[in-house]
Each structure stands twice: as C-alpha cells, then as structure tokens.
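Q: Sequence unavailable; structure follows:
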C-alpha cells in the first residue's frame with residue numbers, strides 16, 4: 001500500500017509539473033463555447049512569455065485547462081455514466097438505494113469529489129470516500145477511497161466533428177469502515193466515448209472491475225453505460241441512461257442487471273469568473289428480473305471551475 005501511494009503521489013507531481021510547462025496563457029479563461037477558429041488558440045511567443053510572467057501559476061494552469069476543453073465537445077456530464085470529456089469541477093452526489101432485503105442505503109458522496117486537469121489530455125478524479133447510512137439498525141461508516149485517471153485519446157469540438165474517445169484507469173482501496181467496501185483493492189480499466197449530432201449526444205463507457213485478490217468473493221463486473229442527452233434552451237439537458245452490468249464470480253455470479261435512468265441536468269450557471277454551478281436529478285429503475293437494488297433516487301451537485 002505504501003508503494004502504491006508513493007507511486008500515485010509521484011504521478012500527480014509529474015503531471016502538475018507537466019501542466020505548467022505546456023500551459024498557454026493567451027486562451028480565454030471561460031469554457032462556455034468552443035473557439036470560432038483555430039487561430040484563436042495561437043498567440044505570439046513573446047506575448048505568451050510576458051503573460052506567463054505576469055499571470056503566474058494559476059493563470060497559466062487555467063489557460064491550459066481552457067484550451068484543452070475548447071478542443072472537445074461541450075456537453076454536460078451525465079448523472080451515472082462517467083463522461084469521456086475532461087472536466088474540472090468539484091462534485092457531490094447523494095443516492096437513496098432500496099435493496100430487495102428491505103435495507104435502505106443512503107449514500108452521501110457516491111465516490112465523487114475533486115476533478116482536475118493537471119496536463120493536456122489528462123484528468124484526475126480524487127474521490128471523497130462516501131458515507132454510507134444503512135437503515136434500519138445497521139452500522140454506518142465511510143466507504144472505500146478511490147481515484148480515476150483519464151487520458152483523452154482523440155477529440156474534436158462541435159465545429160470539427162463533435163466526438164471524443166478517452167481511456168480510464170480507476171482504482172479503489174479497501175479503506176471502508178464496517179464492511180462498507182471491498183476487502184481488496186480493485187482496478188477498473190475502461191474505454192469511454194461520445195458523439196454529438198446537433199443538440200443530441202450520446203456518452204458511454206465500457207469497462208471491467210478486476211479485484212487484486214479474493215476474486216471468488218468480490219467477483220468481476222463488466223459494466224456498459226450509455227447516456228442519451230438532448231440540450232434545450234442552452235442549459236436544460238434531459239437524458240436517459242442505460243446502465244448494464246454482468247457479474248462474473250462473486251455473490252451474483254452469472255447474473256445481469258439493466259437499469260434505465262431518466263433524469264435532468266441543469267447548467268452550467270455562471271457564479272463568478274470561471275466558477276459555475278450545475279445540478280441534476282434522476283431515478284434509476286431496474287428493467288431485468290434480477291436486480292439487487294431498485295428505484296434509486298439520484299441528486300448531483302457540481303461546481304465547475
């Protein structure tokens with residue numbers, strides 16, 4: 001565990017140093033719309049150097065973030081499906097999860113947290129361990145801590161193709177209290193994709209969770225999620241998600257569950273300078289006879305910056 005933590009810290013340090021070296025300060029600090037032409041992203045070398053000296057680290061970093069995001073579609077992040085876009089925000093979700101056993105779980109956080117873009121084509125999500133409340137009469141506590149790294153493989157904004165392909169690497173660590181997580185670390189390699197057509201877009205992920213031990217107890221889960229969105233009046237994003245999971249080994253070995261999740265995301269509403277606000281909600285409904293949980297309410301609050 002010490003070596004994994006050290007390796008992660010080293011990786012983040014390198015990415016942050018890399019972001020400073022490649023930042024371009026001439027870019028508009030907002031990301032509300034893509035640039036009108038490629039020439040808007042270019043700045044004479046002397047001007048960039050002067051701005052870098054005057055603006056400092058954060059000015060250069062935000063300029064790099066704006067330029068990176070201008071090269072990809074400007075869709076909204078779905079409720080359950082992880083977006084292939086590179087996003088920079090703080091996110092906090094809440095879920096209300098009824099189980100077939102009669103147990104009801106309140107999940108505060110849902111493994112969301114700080115999302116940053118430390119370098120071109122790279123995003124890191126540092127999740128806050130969720131706090132899990134089990135009703136009735138069960139021990140509550142924090143769940144596992146995890147992080148996720150995205151690397152954008154290809155992207156074009158709305159003016160030049162309107163698509164994106166991204167690779168994910170996610171890892172969770174067994175830090176949960178009172179069995180509120182897994183007994184071993186779990187890695188989840190994933191391929192994410194998205195394509196837009198006018199005001200419509202689809203965003204999806206396809207990945208498999210691989211426990212680093214106790215495979216027969218934890219199991220391996222193949223997950224395929226797709227979100228279908230349509231933008232209305234600039235800031236209204238009604239959506240329907242299809243969330244598919246097939247279980248290998250573990251408690252639910254051989255079973256498949258599919259959820260439909262209708263929802264609505266509102267945003268981005270500008271608060272100050274780069275800071276904005278987004279809120280969304282949805283309702284996850286099982287459409288297969290096998291479903292460990294059903295009728296899950298979702299609330300999502302984000303602060304993009």
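A: All right, it came through fine. No experiment lies behind these values; they were computed from the predicted model shown.
Q: any idea how far stretch 133-141 is from the chain center?
A: 27 Å (Cα atoms, centre = their mean, to the nearest Å).
Q: average pLDDT for it?
A: Per-residue pLDDT over stretch 133-141 has a mean of 85.
Q: And it, end to end?
A: Terminal residues of stretch 133-141 are spaced 7 Å apart (Cα to Cα, to the nearest Å).
Q: what does stretch 227-241 give?
A: From its first residue to its last, stretch 227-241 covers 4 Å (Cα to Cα).
Q: Kindly report the same for stretch 156-172.
A: Criterion Cα to Cα; first-to-last residue distance in stretch 156-172 is 31 Å.
Q: And it, what's buried?
A: 157-158, 162-164, 166, 168, 170-172 (16 or more other Cβ atoms under 10 Å). Yep, even glycine has a C-beta here, placed from its N, CA and C like the rest.
Q: What of stretch 214-226?
A: Across stretch 214-226, burial judged by 16+ other Cβ under 10 Å covers 218-221, 223-226.
Q: Output these as TSV; include the columns distance to residue 147.
A: Output for the buried residues of stretch 214-226, formatted as TSV (distance: Cβ to Cβ, whole Å):
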residue	distance to residue 147
218	19
219	22
220	20
221	18
223	18
224	22
225	19
226	24
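Q: Pick out the most distant pair among those.
A: For the buried residues of stretch 214-226, the maximum inter-member distance is 25.2 Å, found between 218 and 226 (Cβ to Cβ).
Q: What ranges does the stretch 1-150 of the chain have for its helices?
A: In the stretch 1-150 of the chain, the helices defined using DSSP state H, counting those that start in this stretch lie at 2-22, 45-70.
Q: Let me fix that, I meant to ask about the stretch 151-300 of the chain.
A: According to DSSP H, counting those that start in this stretch, the helices that the stretch 151-300 of the chain contains are 215-218.
Q: for it, what spans make up the strands?
A: Along the stretch 151-300 of the chain, counting by DSSP state E, counting those that start in this stretch, strands occupy 163-173, 186-197, 200-208, 210-211, 220-230, 236-248, 256-272, 275-286, 296-304.
Q: can I get these in a markdown table with mean pLDDT?
A: Formatted as a markdown table, these follow (pLDDT from 0 to 100):
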| stretch | mean pLDDT |
| --- | --- |
| strand 163-173 | 98 |
| strand 186-197 | 98 |
| strand 200-208 | 98 |
| strand 210-211 | 96 |
| strand 220-230 | 97 |
| strand 236-248 | 97 |
| strand 256-272 | 97 |
| strand 275-286 | 98 |
| strand 296-304 | 98 |
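Q: CSV for those, including distance to residue 118?
A: Below are the strands of the stretch 151-300 of the chain laid out as CSV (distance: least, Cβ to Cβ, whole Å):
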stretch, distance to residue 118
strand 163-173, 15
strand 186-197, 19
strand 200-208, 21
strand 210-211, 25
strand 220-230, 25
strand 236-248, 27
strand 256-272, 21
strand 275-286, 19
strand 296-304, 16
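Q: Tell me which of these lies nearest to residue 180.
A: Ranking these by proximity to residue 180 (Cβ to Cβ) places strand 163-173 first, at 11.8 Å.
Q: Where does pLDDT dip in the stretch 51-200 of the chain?
A: Low-confidence segments of the stretch 51-200 of the chain (pLDDT under 70): 51-54.
Q: let's see it at 50
A: Applying pLDDT under 50 to the stretch 51-200 of the chain flags the ranges 51-52.
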